[in-house]
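K.L.:
Have a look; sequence and predicted model below, questions after that.
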Amino acid sequence: MVPVATLPAAAILMGIGYWIDPTGWGGNSAVAAFLITAGAAIIDNMPILFAVGVAYGMSKDKDGAAALAGLVGFYVLTKLCSPGAVAMIQGIDPKAVPAAFGKINNQFVGILTGVITAELYNRFSHVELHKALAFFSGKRLVPIVTSFVMIFVAFAMMIIWPVIYDGLVHFGETIQGMGSVGAGIYAFFNRLLIPVGLHHALNSVFWFDVAGINDIPNFLGGAKSLAEGKAVLGITGRYQAGFFPIMMFGLPGAALAIYHAAKPANKARVASLMIAAAFAAFFTGVTEPLEFSFMFVAPPLYLLHAFLTGISVYIAASMQWIAGFGFSAGLVDMVLSSRNPLARDWYMLIAQGIVFFVIYYVTFRAAIGAFNLKTPGREDDEVGGDAAAPAAAPVASDNASLAAGYLQAIGGNANLASIDACITRLRLGVKDSALVDEAAAKRLGASGVVRLNKENVQIIIGPKAELVADAMRGLKGGVAAAPVAAAAVAAPVAAAAAPKAAAGDLVLVSPITGDVVPLEEVPDPAFASKAVGEGVAVRPTGKLVVAPVAGTIVKIFNSNHAFALLADNGAELIVHIGVDTVKLGGQGFKRLAEQGARVNAGDPVLELDLAYLEQNAQSVISPVIVSNVDQFAGVANVATGSVVAGQTKLYTLKAK
C-alpha cells in the first residue's frame with residue numbers, strides 16, 4: 001500500500017490539469033500541460049515505486065536501506081532481463097527475443113523485486129562481517145546481497161517470465177474479449193478477493209500495462225493516446241467506472257439497512273460505526289471498514305455485495321458510462337476525473353448509484369431479516385451483562401490510546417512478533433492468534449478481526465491504521481506485563497507476571513485529597529461506561545498523589561498523567577489524573593516515584609500543579625479504577641463526600 005498511496009497525487013495533478021484544459025488536454029495551456037506531465041511522471045514510474053515501496057513497507061523496521069536495496073534490485077533485474085541483455089546472454093538474434101522481455105519493466109516485476117528485497121533485508125540487515133569488512137556489515141550489506149541474488153532471479157525469469165506473461169495476456173484477453181460481461185466478472189472477483197488482499201494482483205492486469213492489455217494507458221495527453229490506438233472512447237476505463245455507483249451509493253445503502261436491522265439498544269453504537277464507514281466509502285472510496293463489518297459475520301451478504309458489484313460494472317460498461325480513478329471510486333476521484341478526455345457520460349453513474357442505493361438497502365434489509373444474519377447490532381447478547389460496555393462508544397479515539405488498546409487486545413508485547421498496516425488494516429504477526437481478543441478490539445472501534453492463520457491477524461480499523469501502527473511500534477518493547485492504559489485504555493497484567501491473589505478483601509485509600517465523583521459522571525465515555533474498569537473518581541483539591549494500596553508501580557506514562565499499580569493480591573489499579581491530560585505532554589505533573597518501584601499505601605507517586613491543570617485540562621476529575629475487576633467479587637463500600645490522600649478509605653475490592 002505504500003506505492004499505491006502515491007496514486008492520489010497523480011490523480012489530483014492530472015485531474016486539475018484536465019479541468020483547466022478539457023479539450024486540448026494540455027495543448028492549449030502551459031499550466032495544464034505542466035500538471036498533467038507531473039502526474040504522468042508518477043504513473044509512468046509505478047514499477048519503480050512498487051519496487052521501492054514494497055521493499056520498504058515489508059521490511060521489519062521500515063528502514064530506508066530496504067527501499068534503496070529495492071531500487072538496486074529492480075535496476076539489476078530489469079537490465080539483465082531487457083531484450084538486448086537476453087539476446088546477448090542467450091546468444092540469439094535480438095529479433096528472436098520473446099516479446100515478454102519488452103514488458104519486463106512493469107508493476108508485477110516491481111512487486112516481485114520488493115518482496116524479495118524485503119526478505120533479504122529482514123534476514124541480513126543485522127549480519128556482522130569480519131573486522132576487515134566491518135564497513136559493509138548490517139544494512140550496508142543488503143544492497144550488495146540483493147545485487148547478487150537478482151542475478152540468479154534474472155536467470156530464472158529468463159525461463160519463467162515468458163510463461164507468466166503469456167498466461168497474463170491470455171487471461172486478460174479472455175476477459176477483454178468478453179466485453180461488458182468480462183468487466184462484470186472481473187468486478188465480481190475483485191470484491192471476492194478483498195478479504196485476503198489479493199484484489200491488487202487482479203487489478204494490476206487491467207489497470208496497469210502488465211500484460212499489454214493497457215485498458216487505462218499511461219499517457220501525457222488523451223489525443224496522443226487515442227492517435228496511437230491505446231485508448232478507445234467509451235471503452236477505456238470500463239473496468240473502473242461501475243465501481244462508483246457501488247462505493248458512493250450502494251454500500252451506504254447497505255449501511256442504512258444494517259442500522260435499521262440493529263436491535264434498538266444497539267442502534268446508537270451501530271449508527272456511529274455505519275455513518276463513519278459510509279462517509280469514507282462515499283467521499284474517498286475506502287470501503288473496507290464497511291465491508292469488513294459484515295464480511296465474516298454475514299458471508300451471504302458479502303457474496304450478494306460481490307454479485308451486485310459485478311452487475312454495476314457490467315451495466316456501466318454496457319452503457320459506456322466512463323469515469324476513472326487514481327485511488328478509489330469516491331467523490332473526490334469522480335470530480336477529478338469528470339473532465340478527463342476519456343470520461344464519457346460520467347454523470348449517469350450518479351443516477352445509476354441512486355438506483356443501487358435502493359437495491360442495496362432493500363436486498364440487504366430483506367436478507368438480514370429472512371436469514372437472521374448477525375450483522376452489527378444484531379449479535380447475541382453476551383452472558384454476564386458485559387455487553388453494555390462495548391455499546392457505549394469506542395474506548396478511545398487518539399492514536400496512542402488506540403495503539404495501547406490494540407496491543408493489549410492481541411495479548412500484549414509477549415504475543416506480538418511484527419507490526420504492519422495497509423490503508424484500513426493492522427497487519428500483525430503474532431505468536432498465537434488464539435490469544436487475540438476480538439471483543440476487546442471491537443470495543444476499541446474495530447470493524448472486524450481476521451485470523452489468517454496461527455501467526456497472522458488483521459484488525460480492520462479504518463483509514464487511521466497506519467498511524468495506529470506507528471504508535472504501536474513506539475509501544476513495542478515496553479513492559480509486556482503492565483497495564484498499558486493511555487488516555488482511558490487499561491490493559492490487564494499478563495497472567496504469567498501477576499502474583500497469586502491473596503485471600504480477603506482489599507481496601508483502597510484515596511490517592512488524592514478531594515471530593516468523590518461517581519464514575520458515571522466522569523466526562524469521558526471510556527471511564528463513564530466502565531469499559532475500562534470499576535471504581536470511583538476524585539475531583540482533586542490537594543496536589544499530592546499517593547499509592548492507594550501496597551504493590552508495584554508497573555507503568556508511569558511519559559506524560560506523568562497516569563500510573564498503573566499491581567497490588568499484592570493481583571488487582572490491576574489505574575490512577576488517571578484528569579481527562580485527556582495526556583495532551584499536556586507532562587506539564588502540570590511532577591514524578592515522585594519511578595516505574596518498577598515497590599510502594600506501600602500512602603507513598604507519594606506524583607505531585608500536581610492544580611492551578612495549571614484546572615486551567616488547561618478538559619477536566620481534573622481523576623478516576624481510580626480496578627481494570628481486572630472480573631477476577632474479583634466487585635467493588636463495595638464506596639466513599640462519598642470529601643477524602644484525604646493516604647487516609648480515607650475510598651472503596652473495598654471484594655474477594656471472590
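P.N.:
Nice, I can see it.
K.L.:
Report the contact partners of residue 47.
P.N.:
Residue 47 is in contact with 74, 78, 105, 106, 107, 109, 110, counting by CB atoms under 8 Å, 6 or more residues apart in numbering. All C-beta atoms are positioned from the backbone trio N, CA, C, and that covers glycine.
K.L.:
Of those, which is the most crowded?
P.N.:
Highest neighbour count within these, by other CB atoms under 10 Å: residue 110, with 30 neighbours.
K.L.:
I'd guessed that residue sits against residue 46; true?
P.N.:
Yes: Residue 110 is in contact with residue 46 according to CB atoms under 8 Å; the separation is 7.1 Å.
K.L.:
residues shared between the contacts of the two?
P.N.:
With CB under 8 Å, 6+ apart, residue 110 and residue 46 have common neighbours residue 3.
K.L.:
give me the element residue 301 is part of.
P.N.:
Using DSSP states H and E, residue 301 maps to helix 299-319.
K.L.:
Return the set of buried residues in that helix.
P.N.:
Neighbour counts over helix 299-319 (16 or more other CB atoms under 10 Å) mark 301-302, 304-317, 319 as buried.
K.L.:
cool, and stretch 57-73?
P.N.:
57-60, 62-63, 65-73.
K.L.:
which among these gets closest to residue 328?
P.N.:
residue 57 (18.5 Å; CB to CB).
K.L.:
For that closest one, which three-state class applies?
P.N.:
Using DSSP: H, G, I helix; E, B strand; the rest coil, the three-state assignment for residue 57 comes out as helix.
K.L.:
That one against residue 419, yeah?
P.N.:
No: under the criterion of CB under 8 Å, residue 57 makes no contact with residue 419, lying 11.8 Å away.
K.L.:
Check which helices and strands the longest helix anywhere in the chain is in contact with.
P.N.:
Assignment by DSSP state H gives helix 141-177 as the longest helix of the chain. For helix 141-177, the elements it packs on are helix 64-80, helix 83-90, helix 107-124, helix 179-192, helix 199-207, judged by 3 or more CB pairs under 8 Å, 6 or more residues apart in numbering; DSSP states H and E.
K.L.:
Output the contacting helices and strands for the second one.
P.N.:
Translated: helix 83-90. Checking 3+ CB pairs under 8 Å, 6+ apart, helix 83-90 ends up next to helix 141-177.
K.L.:
After the top strand by length along the chain, which helix or strand is next?
P.N.:
For the chain, the longest strand by residue count, based on DSSP state E, is strand 534-546. Later in the chain than strand 534-546, the nearest helix or strand by DSSP H and E is strand 551-556.
K.L.:
rewinding a little: quick one: closest of the helices and strands packed on helix 141-177 to residue 548.
P.N.:
Nearest of those (CB to CB): helix 107-124, 45.1 Å.
K.L.:
Quick check: which of the helices and strands packed on helix 141-177 is nearest to residue 649?
P.N.:
helix 107-124 (54.3 Å).
K.L.:
What ranges in the stretch 51-200 of the chain fall below the confidence cut-off?
P.N.:
195-200 (pLDDT under 70).
K.L.:
what's the weakest-modelled helix or strand in this structure?
P.N.:
In the chain, no helix or strand scores lower on mean pLDDT, DSSP states H and E than helix 388-392, which sits at a mean of 35.
K.L.:
following that one, which helix or strand shows up next?
P.N.:
helix 399-409.
K.L.:
Quick one: distance of that next one to the chain centre.
P.N.:
Relative to the centre of its chain, helix 399-409 is centred 13 Å away, using CA atoms, centre = their mean, to the nearest Å.
K.L.:
what's the angle between it and strand 551-556?
P.N.:
130 degrees (axes from the mean of the first three to the mean of the last three CA atoms, to 10 degrees).
K.L.:
ok so, going back, want to throw the helices and strands packed on helix 141-177 into a markdown table with distance to residue 524?
P.N.:
Converted to a markdown table, the helices and strands packed on helix 141-177 look like this (distance: least, CB to CB, whole Å):
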| stretch | distance to residue 524 |
| --- | --- |
| helix 64-80 | 39 |
| helix 83-90 | 64 |
| helix 107-124 | 40 |
| helix 179-192 | 39 |
| helix 199-207 | 39 |
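K.L.:
Residue 568: which of those helices is closest?
P.N.:
Using CB to CB and comparing these, the one that lies nearest residue 568 is helix 107-124, at 42.6 Å.
K.L.:
Can you list the buried residues in that closest one?
P.N.:
107-118, 120-122, 124.
K.L.:
Need the contact partners of that helix.
P.N.:
Everything outside helix 107-124 that qualifies as a contact, by CB under 8 Å, 6+ apart, is 3, 46-60, 63, 65-66, 69-70, 73-74, 77-78, 81, 139, 141-142, 145-146, 149-150, 153, 157, 164, 168, 204, 208, 210.
K.L.:
what about residue 332, distance to residue 325?
P.N.:
Noted for residue 332: a distance of 9 Å to residue 325, by CB to CB, to the nearest Å.
K.L.:
which of the two has more neighbours?
P.N.:
residue 325 (25 against 20).
K.L.:
Doesn't that one belong to a strand?
P.N.:
No: secondary structure of residue 325, determined by three-state DSSP: coil, with no strand assignment.
K.L.:
quick one, what contacts it?
P.N.:
11, 240, 243, 244, 285, 333, 334, 337 are the contacts of residue 325 under CB under 8 Å, 6+ apart.
K.L.:
same check, this time on residue 140
P.N.:
residue 65.
K.L.:
ok, for residue 553, nearest residue in space, not its chain neighbours?
P.N.:
Nearest residue to residue 553 in three dimensions, chain neighbours excluded: residue 597, at 5.1 Å (CB to CB, 6 or more residues apart in numbering).
K.L.:
okay, now that neighbour: neighbour count?
P.N.:
Neighbours of residue 597 (other CB under 10 Å): 15.
K.L.:
One more: the one 3 residues further on?
P.N.:
By other CB under 10 Å, the residues close to residue 600 number 11.
K.L.:
Spit out the contact partners of it.
P.N.:
Contacts of residue 600 by CB under 8 Å, 6+ apart are 547, 550.
K.L.:
Quickly note the distance from it to residue 591.
P.N.:
Taking CB to CB, one finds residue 600 at 18 Å from residue 591.
K.L.:
And residue 344, by the same measure?
P.N.:
65 Å.
K.L.:
next one: residue 136
P.N.:
Counting by CB to CB, the gap from residue 136 to residue 591 is 44 Å.
K.L.:
In space, what's closest to residue 72 - neighbours in sequence excluded?
P.N.:
Using CB to CB, 6+ apart, the nearest residue to residue 72 is residue 143, at 4.7 Å.
K.L.:
before we move on, back to that, isn't the residue nearest to residue 553 up against residue 554?
P.N.:
No: the pair residue 597 / residue 554 is not scored as a contact, 9.8 Å apart, by CB under 8 Å.
K.L.:
Please point out which parts of stretch 605-615 sit buried.
P.N.:
605, 606, 607, 608, 610, 613.
K.L.:
Can you tell me which of the residues you listed end up in strands?
P.N.:
Per DSSP E, the buried residues of stretch 605-615 map to strands at 605, 606, 607, 608.
K.L.:
so can I have CSV of the residues you listed showing distance to residue 548?
P.N.:
Shown next, in CSV, are these (distance: CB to CB, whole Å):
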residue, distance to residue 548
605, 10
606, 12
607, 16
608, 16
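K.L.:
In CSV: those residues, plus pLDDT.
P.N.:
Listed next are those as CSV, based on pLDDT from 0 to 100:
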residue, pLDDT
605, 93
606, 93
607, 92
608, 93
